[in-house]
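Student: Sequence and predicted model, in that order:
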Amino acid sequence: MATARRPAVAGWFTMDEEQPQLLGSRCTACGAVFFPKQESFCHNPACAGGDFEEAPLSRRGRLWSYTTNHYQPPPPYVPRGDAHRPFAIAAVELEAEKMVVLGQVPEQVKLESLRTGMEMELILDTLFEDDEGEVVVWKWNPVSEADGR
């Protein structure tokens, strides 16, 4: 029997295993793109718009910065296993939108293999498992299999 998979935050990304995408919003008045989605007002100071359409975001981008998260985040974060283990976080500048989006890096990627400017790609990975199945998040993975593995 297949394990049920559900997103950690509904509506923030697609659950397409092959081509996952973050889901932002685009202001219909000025065209500004936001992530996470905006629903009430445009954050562009030059725009008074308030209507948005869903905007699938770039799946690839360049590593802008990265670090290791040594502390356990507060709930709803759940450590994968008995205790919190430090994990890498990447800030990736999206290819088309030129906005920076944070996300974890897969456990198997070595922090010392990451380099600013390297190409990264959005993937889905298990954040934790519970009685209902797997809770899934997006992560940033080096594009080349040789990078970081």
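Tutor: Cool, the structure landed.
Student: these two touch, right, Ser113 and Pro142?
Tutor: Yes: contact criterion C-beta atoms under 8 Å: Ser113 and Pro142 qualify, at 7.3 Å. In this view, the C-beta of every residue, glycine as well, is placed from N, C-alpha and C.
Student: who has more neighbours, these two?
Tutor: Shown here are Ser113 and Pro142; by other C-beta atoms under 10 Å, Pro142 has more neighbours (21 against 13).
Student: Distance check, Pro74 against His84.
Tutor: Using C-beta to C-beta, to the nearest Å, we find Pro74 at a distance of 11 Å from His84.
Student: who does whichever strand in the chain runs longest pair up with?
Tutor: Taking DSSP state E as the criterion, the chain has its longest strand at strand 119-130. Paired strands of strand 119-130, with direction, are strand 60-69 (antiparallel), strand 133-142 (antiparallel) (DSSP bridges).
Student: quick one, what contacts the residue lying closest to Phe52 once chain neighbours are set aside?
Tutor: Using C-beta to C-beta, 6 or more residues apart in numbering and skipping residues adjacent in sequence, the residue nearest Phe52 is Ser25, 4.0 Å away. Taking C-beta atoms under 8 Å, 6 or more residues apart in numbering, we find Ser25 in contact with Val33, Phe34, Phe35, Lys37, Gln38, Glu39, Phe52, Glu53, Glu54, Ala55.
Student: Filter these down to the buried ones.
Tutor: Neighbour counting by 16 or more other C-beta atoms under 10 Å classes Val33, Phe34, Phe35, Gln38, Phe52, Ala55 among the contacts of Ser25 as buried.
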